[in-house]
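>>> Got a sequence here, can you build the structure:
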Amino acid sequence: MFFRRHKLYREELNLTSPDSLLQLGREASWLQFHLGISRYGLYSRSSPAIDKLLHDMQDFNTVSADYSQDEKALLGACDCTQIVKPSGVHLKLVLRFHDFGKAMFKPMRQEREEETPEDCFYFVDFQRHNAEIAAFHLDRILDFRRVPPTIGRLINVTKDILEVTKNEILQSVFFVSPASNVCFFAKCPYMCKTEYAVCGKPHLLEGSLSAFLPSLNLAPRLSIPNPWIRSYSFAGKEE
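Numbering: from 1, shown residues only. Alright, predicted model coming up:
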């Protein structure tokens, strides 16, 4: 019911289509970041593109929102009696910007001062968006330069996600909570219930935004598994 009313509202304001996309220019921070990637790091120590990229991710309006590819692969094939998530257990969305920029959004689930209970089963451990931000800054300080640029940002879940997404599954998981906050949840990638929803206050939601690397079509590369990876199934452990 909420989404039906919101769809009519969008149609009345002619919000059914995002603004027309601009042509990609060579000065675009996303392109400069991608062009600066080398075998030694994702960016050089003196790269001016990184600060501009961080600024753009902070300020640019979104033109599209969608589930990530791995979550789409699990939609419809998820056995919710088990938690099976090959790339993490954090609800995430792909947000696109007007100049073809793309970033991974991970919403805040716990307040910063909350601690993980001692009896918490690790499959449902706290998901901390600010760990993504801290990882980028620590990696930069240690001069590894191997973590994609990441910022913290307040996202308007109605304006920046619901109004711009064309994914009907994502549209269908939005609802208004008893506290009058706009909420959404994963359709079934790992946790399929409204109890695991994330909510704005009433629309604003803090989260992390991590810049995407170039697509594999444009930049083929070898993917090396994390040697400390943990298993996301109840049976067996990773080798």
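>>> which of the residues in stretch 223-230 are buried?
Within stretch 223-230, no residue counts as buried by 16 or more other CB atoms under 10 Å. Glycine gets a C-beta too; all of them are placed from N, C-alpha and C.
>>> same check, this time on stretch 143-154
For stretch 143-154, a neighbour-count test (16+ other CB under 10 Å) marks 145, 147-153 as buried.
>>> Equivalent analysis for stretch 207-214, please.
Under the neighbour-count criterion of 16+ other CB under 10 Å, stretch 207-214 has 207-212 buried.
>>> Give me the subset of those lying in helices.
Among the buried residues of stretch 207-214, no residue falls in helices (DSSP state H).
>>> re earlier: can I get the buried residues of stretch 143-154 in a markdown table including secondary structure and distance to residue 181?
Below are these laid out as a markdown table (DSSP: H, G, I helix; E, B strand; the rest coil; distance: CB to CB, whole Å):
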| residue | secondary structure | distance to residue 181 |
| --- | --- | --- |
| 145 | coil | 38 |
| 147 | coil | 31 |
| 148 | coil | 30 |
| 149 | coil | 30 |
| 150 | strand | 25 |
| 151 | strand | 23 |
| 152 | strand | 20 |
| 153 | strand | 18 |
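>>> Return the closest of these with respect to residue 217.
Nearest to residue 217 among those: residue 148, at 18.1 Å, using CB to CB.
>>> Contacts only, for the closest one.
The contact partners of residue 148, by CB atoms under 8 Å, 6 or more residues apart in numbering, come to 42, 136, 210-213.
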